[in-house]
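Chemist: Dropping a prediction and its sequence here:
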Amino acid sequence: MPKDSLGIANLTNLAIAKVARVKSFKLPENGLALLAYQLEKPIDTSKKAQGDTAKKDDKEGSDLIFRNLTTGTERTFKFVNEYVFSKDGKQLAFACTGSKKDKTAQTGVFLLNTEKGTLKTLVNGKGSFKNFVFDDESESLAFLGERSPEKAEIKDYFVYYNSPSLDTAQVLVDNDIPGFPAKWAVSGDGKLNFNKEATKLFFGIAPIKKPKDTTLIDFEHAQLDVWSYKDDYLQPMQLKNAEKESKRTYLTSIEIFNSDVKVVPLTDVKLPEAKLIDEGNSNYVLASSDFGNRIQSQWSANSIKDYYLVDTKTGSRKKIIEGLVGTAMPSPSGKFILYFDKKTANWYTYTIATGKITHLNNGLNVKLVDEENDVPDQPDAYGLAAWTEDDKAVLLYDRYDIWEFSPDGKNAPQNITNGFGRQNNITFRYQQLDTTVRFLGKKRRYCLTPLTIQLKKTDITERISATIRARSLLLWLSLSIQI
């Protein structure tokens, strides 16, 4: 089958340059006009290769091309299998596998300064390195790596770390560091994340897998599925999710500059999910679990979850919400947990500092849930529009309009679209044009879009007139709504 090609369009003269057999490409998230792309492995047309039925070695990397789109200059790195730009594009990290045919090929992890052109060796020698991640300031780098024997079935992954003050990457987390549960280790399937301040690193751990019994050949192993009516999940669901569950990891944190070196597990088998709060800067994560409530979800089709605040320094847990059918999420600045209770059709906030629970829509004469729900289940919420700066207010939808609520309950709710949507059968929704914006800032204007226009009149002239009024209103709102 033909492989994909990469097209590079010059918007000045509309010329298009094509590169054949491109496996992947990446651009910096912000800033510089740089491009990196990885080529497919060259086609071996020799007779020996054509008649060879042996399994192809997919672990060996291929050429990585780094191109400056402004100057047109290029640089090639051989046998690369993983690569990533820093957010500002000033650094490019990549791993080289080397080659069995080329003993002189470089192997290890390297860091290219895209401005100066200098190449820094972070790890020298063979190994498997992946999941590279830079911090938001594009200075610190973390990645997973293992240098176990090639034939070892169970690989020992470590977390590596590098910063401008370090000449090479250092092992930040190995499996002997204090804090690991017994028979658990760093998982090669986990993702890495710095907190916003780059003082903490979050990574995944998992129970150590048992190696296969190699004393028996495959057909001598019994294949048996055992199911019980007491199982949390139906047997088909267990079989469907078996591979995904085998790669499940559990969130863990480490304070990078703490003299008391230890890891802090934040989740486990009975509390498997967690969300970072305030981009990881908070002393807590919001963890959740449906453990003990899974069987009834087989017929109710609703997850019932308990929610906990887990301390990132100690791992201690505090249950804050019990048996919730709905959803819960932290506020952008980490002061509140906002949650919707589907059973009662109400929105609430939990104040992290004090433990106070506030019923946001208490006494509100407008429903914030689906008014046209026609299924045998409680209606869903219309949803969250946005938060304002410093968690001062939260904006929620009703069927037509947008409401502003004080998360601590001190101020009465306000309809910021002044009820115009309900009066004119127009549904307004906040349109987030910048995906990096976490909250609505002060003295800025925002765009609202009318998603639905319900017209009962049949006269075509009146339909056209209503459409024009709605579009005029959209323009007015996009210029005039100010938080």
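Modeler: Yes, it's here. Numbers count the residues shown, from 1 in each chain.
Chemist: Which stretches in this protein count as helices?
Modeler: Here the chain has its helices, by DSSP state H, at 47-50, 235-240, 242-246, 297-300, 420-424, 460-480.
Chemist: Quick one: distance of the fifth one to the chain centre.
Modeler: With C-alpha atoms, centre = their mean, to the nearest Å as the basis, the distance from the averaged C-alpha position of helix 420-424 to the chain average is 37 Å.
Chemist: now swap in the third one and tell me
Modeler: Here helix 242-246 shows a centroid-to-chain-centroid distance of 19 Å under the convention C-alpha atoms, centre = their mean.
Chemist: average pLDDT across that helix?
Modeler: The pLDDT scores in helix 242-246 average 94.
Chemist: buried residues in that helix?
Modeler: Going by neighbour count (16 or more other C-beta atoms under 10 Å), nothing in helix 242-246 comes out as buried. Quick note: C-beta positions are derived from backbone N, CA and C, even for glycine.
Chemist: before we move on, what about the fourth one?
Modeler: Buried positions in helix 297-300, judged by neighbour count with 16+ other C-beta under 10 Å: none.
Chemist: same question, the fifth one
Modeler: For helix 420-424, the buried set under the neighbour-count rule, 16+ other C-beta under 10 Å, comprises 421-422.
Chemist: looking just at contacts, which helices and strands does that helix meet?
Modeler: strand 426-430, helix 460-480 (3 or more C-beta pairs under 8 Å, 6 or more residues apart in numbering; DSSP states H and E).
Chemist: Using PDB, write out every CA atom in that helix.
Modeler: These are the backbone C-alpha positions of helix 420-424, laid out as PDB (Å, rounded to 0.1, in the frame of the first residue of the first chain):
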ATOM      1  CA  PHE A 420     -33.600  37.100  25.800                       C
ATOM      2  CA  GLY A 421     -33.100  33.500  24.700                       C
ATOM      3  CA  ARG A 422     -36.200  32.200  26.400                       C
ATOM      4  CA  GLN A 423     -38.300  35.100  25.300                       C
ATOM      5  CA  ASN A 424     -37.300  34.600  21.600                       C
END
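Chemist: Any figure for the gap between G31 and Y233?
Modeler: In this view, G31 and Y233 are 46 Å apart by C-beta to C-beta, to the nearest Å.
Chemist: Which strand residues bridge Y250?
Modeler: Bridge pairing for Y250 (DSSP bridges) gives the partners I205.
Chemist: Run through the stretch 351-483 of the chain and note the low-pLDDT ranges.
Modeler: The stretch 351-483 of the chain contains residues with pLDDT under 70 at 443-446, 450-483.
Chemist: Spatially central residue in this structure, please.
Modeler: K191 (8.9 Å; C-alpha atoms, centre = their mean).
Chemist: what residues are up against it?
Modeler: Counting by C-beta atoms under 8 Å, 6 or more residues apart in numbering, K191 makes contact with 131, 133, 203-204, 249.
Chemist: could you redo the last one with a cut-off of 7 Å?
Modeler: 131, 204 (C-beta atoms under 7 Å, 6 or more residues apart in numbering).
Chemist: How about the one 10 residues further on?
Modeler: Contacts were defined as C-beta under 7 Å, 6+ apart; by that measure L201 touches 142, 172, 192, 194, 253-254, 256.
Chemist: So the residue nearest to the centre of the chain versus N113, what's the distance?
Modeler: Relative to N113, K191 is positioned 26 Å away (C-beta to C-beta).
Chemist: so who does I321 touch?
Modeler: With contacts defined as C-beta under 7 Å, 6+ apart, I321 is in contact with 306-307, 328, 339, 350.
Chemist: Tell me, how many residues neighbour I65?
Modeler: I65 is flanked by 18 other residues according to other C-beta atoms under 10 Å.
Chemist: Hmm, it is touching E74, no?
Modeler: Yes - contact criterion C-beta atoms under 7 Å: I65 and E74 qualify, at 5.8 Å.
Chemist: Give me the nearest residue to D213, chain neighbours excluded.
Modeler: Leaving out its chain neighbours, the residue that sits closest to D213 by C-beta to C-beta, 6 or more residues apart in numbering is H221, at 7.7 Å.
Chemist: Next, give phi and psi for that neighbour.
Modeler: As for H221, its main-chain torsions (degrees, to the nearest 10) stand at phi -90, psi 130.
Chemist: Double-check S128 against S148; I have them as touching.
Modeler: No - here S128 lies out of contact with S148, judged by C-beta under 7 Å, at a distance of 8.4 Å.
Chemist: Give me the more crowded residue out of those two.
Modeler: Counted by other C-beta under 10 Å, S128 and S148 do not tie: S128 has more neighbours, with 18 against 13.
Chemist: mind checking pLDDT for the more buried one?
Modeler: Per-residue pLDDT puts S128 at 96.
Chemist: What distance do you get for the residue lying closest to it once chain neighbours are set aside to K318?
Modeler: Leaving aside its chain neighbours, S128 sits nearest to E146 (5.2 Å; criterion: C-beta to C-beta, 6+ apart). According to C-beta to C-beta, E146 stands 36 Å off from K318.
Chemist: same question, E150
Modeler: Taking C-beta to C-beta, one finds E150 at 46 Å from K318.
Chemist: More neighbours: the two, which one.
Modeler: Using other C-beta under 10 Å as the criterion, E150 and K318 rank with K318 on top: 12 against 9.
Chemist: related to what we said a few turns ago, what's the burial count for the residue nearest to D213?
Modeler: 10.
Chemist: distance of it from W227?
Modeler: According to C-beta to C-beta, H221 and W227 sit 19 Å apart.
Chemist: same check, this time on E40
Modeler: E40 is 44 Å from W227, by C-beta to C-beta.
Chemist: what does K87 give?
Modeler: In this view, K87 and W227 are 47 Å apart by C-beta to C-beta.
Chemist: Looking at those two, which is more packed in?
Modeler: K87 (15 against 12).
Chemist: what about the residue lying closest to the more buried one once chain neighbours are set aside, neighbour count?
Modeler: Of all residues not flanking K87 in the chain, E29 sits nearest, at 4.6 Å (C-beta to C-beta, 6+ apart). For E29, the count of nearby residues is 13 (other C-beta under 10 Å).
Chemist: With F439 instead?
Modeler: Per other C-beta under 10 Å, the neighbour tally for F439 reads 17.
Chemist: That one and T388 touch, don't they?
Modeler: Yes - the pair F439 / T388 is scored as a contact, 5.9 Å apart, by C-beta under 7 Å.
Chemist: Just list the residues touching the closest residue to K313 other than its chain neighbours, thanks.
Modeler: Closest residue in space to K313, ignoring its immediate chain neighbours: N283 at 6.2 Å, by C-beta to C-beta, 6+ apart. Applying C-beta under 7 Å, 6+ apart, we find N283 in contact with 311-313.
Chemist: quick one: which of those residues is nearest D260?
Modeler: Nearest to D260 among these is K313, at 9.8 Å by C-beta to C-beta.
Chemist: Distance of that closest one relative to V264?
Modeler: 7 Å.
Chemist: do A15 as well
Modeler: 54 Å.
Chemist: Give me the more crowded residue out of these two.
Modeler: Neighbours per residue (other C-beta under 10 Å) separate A15 from V264, with V264 holding more: 19 against 9.
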